[in-house]
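J.: sequence and predicted structure below; questions after.
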Amino acid sequence: MILNEIANEFDQCIKCGLCLATCPVGKTLFLEKYTPRGKVQLAKRYAAGDLEISEHYRDIFAKCLLCGACTVTCPSGVDQKTVFLAMREEIVKKQGLHPNVEAAVTSLLVNHNISDEDNSERGDWRDDIRDLPEHMYEKERADVVYFVGCVASFFPMVQSIPRNMVRILQLASVDFAILAGEEWCCGFPLIGAGAPGEMKALMDHNLEKVKALGAREVAFSCPSCYRTWKEHYPTDLKLSHSTQVIERLIKEGPISLGELRETVTYHDPCDLGRNAGVFDAPREILRSIPGLTFVELASNRNQSICCGGGGNLEMADAALSGRIAQNKIEEVRQTGADIVVTACQQCVRTIKGKVRREKLDLDVVDITDMVVRSISHG
Amino acid sequence: MISDTIKNEIRGIVGDEWFLDSPEDLITYSYDGFLPEFMPDAVIVPGDRDEIASVMKVANRERINIIPRAAGTNICGSSVARKGGIILAFHRLNRIIEIDPESRCAVVQPGVVNAELQKAVAAYGLMYPPDPASMFVSTIGGNVALNAGGPRGVKYGVTRDYLLGLEVVLPSGEIIRTGGKTLKNVSGYDLTRLMCGSEGTLGIFTEIILRLVPLSPAKATLQAIYADLDDAATTVSAIIGAGIVPTTLELIDRTVLDVISNYGDAQFSDKAQALLLIEVDGEDILVEAQGKRIEAFCKERGAFQVERASTPEEADRLWQARRTAFGAVASLRPNCIVEDATVPVKMLPAMIRKIVEIAEKYHIQIGVLAHAGDGNLHPLFMTDLRDKEEMERVDKALVELVEAAIAMGGTLSGEHGIGIAKDRFMSMEFSQTSIDLMRGIKKVFDPNNILNPGSFL
């Protein structure tokens, strides 16, 4: 059992409870079983044979954003996230996939994306681009492959992200290509679903397609794709998040930014900030925009609070995800900013979705939106 | 075991959603921050005072144990069902009822998190001083039940010093009020303070009135490192002797400095034997002057490295070692027992030397963090519960340590409480007559011994 390998993690837990301070799920649902300390103890007791995996047990472990806030809070260095992922994997082995996630995973394995659509429609976000080049960004060779990711490819609310991204890369004369229908899901949702064993085919395919283009770099606008490649893909290719690419292009000069008289705050996506260590690039970009006033959220960088969109929670418990998004909106309000900028399509979807449902007046944008707005004013 | 009929009666009071008895729930309420675990028979999360009163009536009638538990961060085992029973959790009683800046007090429900209250009163230019290390998680109810302290205790005292009044549900289900919003109150026995530190054995707090103080406009933060522990100790005496009341006066010993260095967060010189972290707060002119004097005291008394922060960021950096200390120590071995023996301030160096001696004698690793300004030591026993042989040595060392503290005129616990961690040592500090008196008090409040039995007395 995988749990034996990570037994050290829960043996290291001293039950101090400090992780309760930063867990968005625990703080929303109160009960100890939903807190990181509670879950670590449940994993420990399961591994000790004191407890069976029940539906209740599965539900507890599904109520986690995998945001990693507990891991950075823990004074004794327990890697809770590893424990929780191992538990999800164990639960799948014993009970099968979570009913709310099963359809998505099955479809993913067939269609190679997280939507219900055929993967040939992965490039449809290009349809609205006015000056679309003839190659439609699909090339034989390219320096950089822009890995768009499933959510930004298929969900209309965030399809502006790839459109922005290609515009920026084009303006900067970067030699780039996309894989379009040949881009497959990076495998990230499978990790959260407790089925990481199914990732290999996806990884092999993506790596082969990127190599075929002779690319030296892969760029991602999705922090979770970026992180999954960094942690799981066996490759020496340079892997960059869009914020890192854009920061570079601003510094090197090919992009010039125009004035924007706005007050913005920035939400660190968990998988970009805390879980991949990219904190400065997005801030540098915002500081480069003339006229822009940038205010930090009360909890920022490593301490950033998840928007509610992580860990497949939206599939397992949409209402809970929404309540956590509401807390994020409150935190944004406290800053007085009119715009919350993030660097993740899933964060945009989660926060903006809540803003729309509640008919609130708050602009939620991806950082590529800000950059394009700024370029248009240049 | 509690019969289904009784369970249903209690379920009827708190509602289905808030009566928990699944294995998953029982396991996650079987522990707190201390070591031993006990499975409760059920967990309830009542929504208001009246539900608690109704539950207590049933519990008293049926002789069912009730164990109040808030965030479960205490490290003396005062919120586990040692003798079975129902855990009463305060998660839903988490409202700040009132902040009254004119009367300088706040009225809160027991489940309000300490740091949330601090944040809320800061908006009024006020401060709630007790700052236990668990303050971002632990609740005011738990703080009152354990009479929690914290690093600011040197100047500001502990929870007891800020507690003005309580609403309490008694084991009988009757509701009483003690104290009030007045800053002075000498009427009758001081039931409020009797409740404070009673570790859930006398009554259940449902409303708490707290005194607040003005938020200090400025502070100075210093760090001094010594090659000789005695020099650090004489610095402490010099500061206090000069009439300066520091907000915080923390000491870290050689063992802990080594662990922090290995942890990778900070590096200390090989000759470092002790580190003092000193903070003063108040009006800016005063703080500036005191900061300079303390800096001079440290240097005159042999500190080989003294730093005085001039920005909040620098202050934060100086706090880093203290903040990291516990985590660094805790991650070294699977378990960490945090001792809390407290001695008169001037006995601190003698006590630290005794601890070093005990560690050598029993071949165990003990680091020392101390709130040096009030003689409150936190010897950290780095150990592994699974190692029976080592645990026997740890136990002997614990006994010897506690005996030494008492012999120096100290106490079993400065701020962590007795619970099930130290109940066996009570007779070291108290005569049989004193213990009988406490048992008598317990009996008056709780004749059927249903509130947190097996803890403390």
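T.: Happy to help now that I have it. Since we're looking at a predicted model, the values are computed, not measured. Residues are numbered from 1 along each chain as shown, chains lettered A, B, ... in the order given.

J.: and the residue in chain A that chain B sits nearest to, what is it in contact with?
T.: As assessed by Cβ to the nearest Cβ, chain B sits closest to residue A:75 within chain A, at 3.1 Å. Glycine gets a C-beta too; all of them are placed from N, C-alpha and C. Contact partners of residue A:75, counting by Cβ atoms under 8 Å, 6 or more residues apart in numbering or on different chains, are A:14, A:16, A:18, B:326-327, B:330-331.

J.: ranges for the helices of the stretch 201-350 of chain B?
T.: B:229-241, B:254-263, B:284-300, B:312-330, B:348-361 (DSSP state H, counting those that start in this stretch).

J.: any regions of chain B where pLDDT drops low?
T.: Applying pLDDT under 70 to chain B flags the ranges B:264-265.

J.: now the longest helix anywhere in chain A: average pLDDT?
T.: Counting by DSSP state H, the longest helix found in chain A is helix A:318-335. Mean pLDDT, helix A:318-335: 97.

J.: going by contacts, tell me the helices and strands next to the following helix or strand past that helix.
T.: Next along the chain after helix A:318-335, taking DSSP states H and E as the criterion, comes strand A:339-342. The contact analysis (3 or more Cβ pairs under 8 Å, 6 or more residues apart in numbering or on different chains; DSSP states H and E) places strand A:339-342 against strand A:263-266, helix A:345-357, strand A:363-366, helix A:367-376.

J.: next, the angle helix A:318-335 makes with the longest one.
T.: Going back to what we said before, that points to helix A:345-357. Here the directions of helix A:345-357 and helix A:318-335 differ by 90 degrees (axes from the mean of the first three to the mean of the last three Cα atoms, to 10 degrees).

J.: CA-only coordinates of helix A:345-357 in PDB, if you can.
T.: The C-alpha coordinates for helix A:345-357 follow below in PDB (Å, rounded to 0.1, in the frame of the first residue of the first chain):
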ATOM      1  CA  GLN A 345      -8.000  30.100 -16.000                       C
ATOM      2  CA  GLN A 346      -9.500  28.000 -13.200                       C
ATOM      3  CA  CYS A 347      -9.200  30.900 -10.700                       C
ATOM      4  CA  VAL A 348     -10.800  33.200 -13.200                       C
ATOM      5  CA  ARG A 349     -13.600  30.700 -13.700                       C
ATOM      6  CA  THR A 350     -14.200  30.100 -10.000                       C
ATOM      7  CA  ILE A 351     -14.100  33.700  -8.900                       C
ATOM      8  CA  LYS A 352     -15.900  35.200 -11.900                       C
ATOM      9  CA  GLY A 353     -18.500  32.400 -11.800                       C
ATOM     10  CA  LYS A 354     -19.300  33.400  -8.300                       C
ATOM     11  CA  VAL A 355     -19.300  37.100  -9.100                       C
ATOM     12  CA  ARG A 356     -21.800  36.500 -12.000                       C
ATOM     13  CA  ARG A 357     -24.100  34.200  -9.900                       C
END
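
J.: nearest residue to residue A:370 other than its sequence neighbours?
T.: Nearest residue to residue A:370 in three dimensions, chain neighbours excluded: residue A:341, at 5.4 Å (Cβ to Cβ, 6 or more residues apart in numbering or on different chains).

J.: over to residue A:129?
T.: Using Cβ to Cβ, 6+ apart and skipping the chain neighbours, the partner closest in space to residue A:129 is residue A:163 (6.0 Å).

J.: show me what contacts the one you found?
T.: A:125-126, A:128-129 are the contacts of residue A:163 under Cβ under 8 Å, 6+ apart.

J.: phi and psi next, for it.
T.: Here is the backbone geometry of residue A:163 (degrees, to the nearest 10): phi -60, psi -40.

J.: roughly how far does it sit from residue A:219?
T.: Distance, residue A:163 to residue A:219, by Cβ to Cβ, to the nearest Å: 15 Å.

J.: what's the answer for residue A:73, then?
T.: 32 Å.

J.: can you give me the pLDDT of the residue of chain A most remote from its centre?
T.: For chain A, the residue at maximal distance from the C-alpha centroid (Cα atoms, centre = their mean) is residue A:50, at 34.9 Å. Listed pLDDT for residue A:50 reads 94.

J.: what does the regular element (helix or strand) spanning residue B:24 rub up against?
T.: Assigned by DSSP H and E, residue B:24 belongs to helix B:23-28. The contact list for helix B:23-28, computed with Cβ under 8 Å, 6+ apart, reads A:31-33, A:35, A:38, A:41-42, A:45, A:50-51, A:54, A:56-57, A:60, B:20, B:39-43.

J.: recalculate using a threshold of 10 Å.
T.: Helix B:23-28 is contacted from outside by A:31-35, A:37-39, A:41-42, A:44-46, A:50-52, A:54, A:56-57, A:59-60, B:19-20, B:22, B:37-43, B:45, B:72, B:81, B:87, B:89, using Cβ atoms under 10 Å, 6 or more residues apart in numbering or on different chains.

J.: from memory residue A:43 sits against residue A:81, does it?
T.: No. The pair residue A:43 / residue A:81 is not scored as a contact, 11.9 Å apart, by Cβ atoms under 10 Å.

J.: before we move on, back to that, next SSE after the helix holding residue B:24?
T.: That would be, after helix B:23-28 and using DSSP H and E, strand B:42-44.

J.: quick check: chain neighbours aside, which residue is closest to the residue in the stretch 251-400 of chain B positioned nearest to chain A?
T.: In the stretch 251-400 of chain B, the residue that lies nearest chain A is residue B:327 (3.1 Å; Cβ to the nearest Cβ). Spatially, and ignoring its direct neighbours in sequence, residue B:327 is nearest to residue A:75 (3.1 Å; Cβ to Cβ, 6+ apart).
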